[in-house]
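Trainee: sequence-free structure coming up:
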């Protein structure tokens, strides 16, 4: 039995199967009670879900996590989980972003950044607002920013677009409608870098977002506005881009100013190497998950 969550109720099927002697692998694509987006739960429900989650962590033959941060939190709760668990990154779809394809060349006359998806869900609003304030301060200090930087928030909510307009940024920070995955591909490959806004809170640095794998597949660096955590370590260790303190406008401006200078000189920004891209492709990460399923089944069969 293989169960993956969310939805977290999927693991109830695994608990039932395990009680019947069926070998079981539980996969957490997102953290459960340690999830940054679930801090609002009432106390009674949090206690209930913590007990259910601990039962999953203790009874599954193998537990798989999509983030090393989520695994680290779980290891603190269940002592013997270390030898029964592993982290398997999701990776990007090679059919969407071919690791062999040559990246498109971004425009040399300006720095172009793309953020795809919601800016307000999952406790991202404070990071989004700080980002906009920093961009406004940058343009105020140096008006040439307006003609040499282009930031595209693709799929931003109407409220987010209103905030962009309210700060007087709409001429160079664009709010654009959502596009299909197929249409997003050339946007990412035609930009200098992809922008990621992490959720607020102490757990906001734990999730490994799909935006990271999209950027890797497009051979573009990720500018991650994120606190120290699993994502920051992954970006730094694999050379996937730049980590910026989400609460420091000065840090973001300094990072973007450096990147603008490179872009105006016609230089591509340093992105992931071909070897790293290949290692973070789903064609490389998913066989690890399949191997885990096979090992669990074989051990139970031999026992």
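Mentor: Right, received. Where do you want to start? What you are looking at is a predicted structure, and each value in this text was computed from that prediction instead of being measured.
Trainee: can we go C-alpha only for contacts and neighbour counts from here?
Mentor: Fine.
Trainee: Please name the nearest non-neighbouring residue to residue 244.
Mentor: residue 225 (4.8 Å; Cα to Cα, 6 or more residues apart in numbering).
Trainee: Which residue ranges of the chain form helices?
Mentor: Along the chain, counting by DSSP state H, helices occupy 10-19, 43-59, 68-77, 125-141, 145-148, 158-166, 181-189, 210-217, 230-238, 249-264, 274-279, 282-302.
Trainee: Just put the ones you listed in TSV and tack on distance to residue 84.
Mentor: Listed next are the helices of the chain as TSV, based on distance: least, Cα to Cα, whole Å:
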stretch	distance to residue 84
helix 10-19	15
helix 43-59	9
helix 68-77	10
helix 125-141	36
helix 145-148	51
helix 158-166	43
helix 181-189	35
helix 210-217	26
helix 230-238	20
helix 249-264	40
helix 274-279	23
helix 282-302	10
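Trainee: returning to that earlier point: just give me the neighbour total for the residue nearest to residue 244.
Mentor: The number of residues packed near residue 225 is 26, by other Cα atoms under 10 Å.
Trainee: pretty sure it is in contact with residue 198, am I right?
Mentor: Yes: counting by Cα atoms under 8 Å, residue 225 does reach residue 198; the two are 5.9 Å apart.
Trainee: before we move on, back to that, just list the residues touching the residue nearest to residue 244, thanks.
Mentor: Contact analysis of residue 225 by Cα atoms under 8 Å, 6 or more residues apart in numbering lists 127, 195-198, 243-246.
Trainee: that older thread, ranking the helices of the chain by burial, who's on top?
Mentor: helix 210-217 (a mean of 24; mean count of other Cα atoms under 10 Å).
Trainee: packing partners for that one?
Mentor: Packing contacts for helix 210-217, counted by 3 or more Cα pairs under 8 Å, 6 or more residues apart in numbering; DSSP states H and E, involve strand 193-197, strand 222-225.
Trainee: ok, back up a step: now list the buried members of the contacts of residue 225.
Mentor: Among the contacts of residue 225, those scoring as buried are 127, 195-198, 243-244, 246 (criterion: 16 or more other Cα atoms under 10 Å).
Trainee: Check those and tell me the two furthest apart.
Mentor: 127 and 243 (13.5 Å; Cα to Cα).
Trainee: right, so of the helices of the chain, which gets closest to residue 88?
Mentor: Per Cα to Cα, nearest to residue 88 of the helices of the chain: helix 282-302, 6.5 Å.
Trainee: pLDDT of the closest one, averaged?
Mentor: Helix 282-302 carries an average pLDDT of 87.
Trainee: what sits against residue 215?
Mentor: 188, 193-194, 221-222.
Trainee: how close does it get to residue 144?
Mentor: 27 Å (Cα to Cα, to the nearest Å).
Trainee: for residue 198, same thing?
Mentor: From residue 198 to residue 144 the distance is 28 Å (Cα to Cα).
Trainee: Contacts only, for residue 26.
Mentor: Per Cα under 8 Å, 6+ apart, neighbours of residue 26: 2-4, 11, 14, 56, 60-64.
Trainee: Mind doing that once more with 6 Å?
Mentor: Applying Cα atoms under 6 Å, 6 or more residues apart in numbering to residue 26 gives the contacts 3, 63.
Trainee: ditto for the one 3 residues further on
Mentor: The contact partners of residue 29, by Cα under 6 Å, 6+ apart, come to 5, 66.
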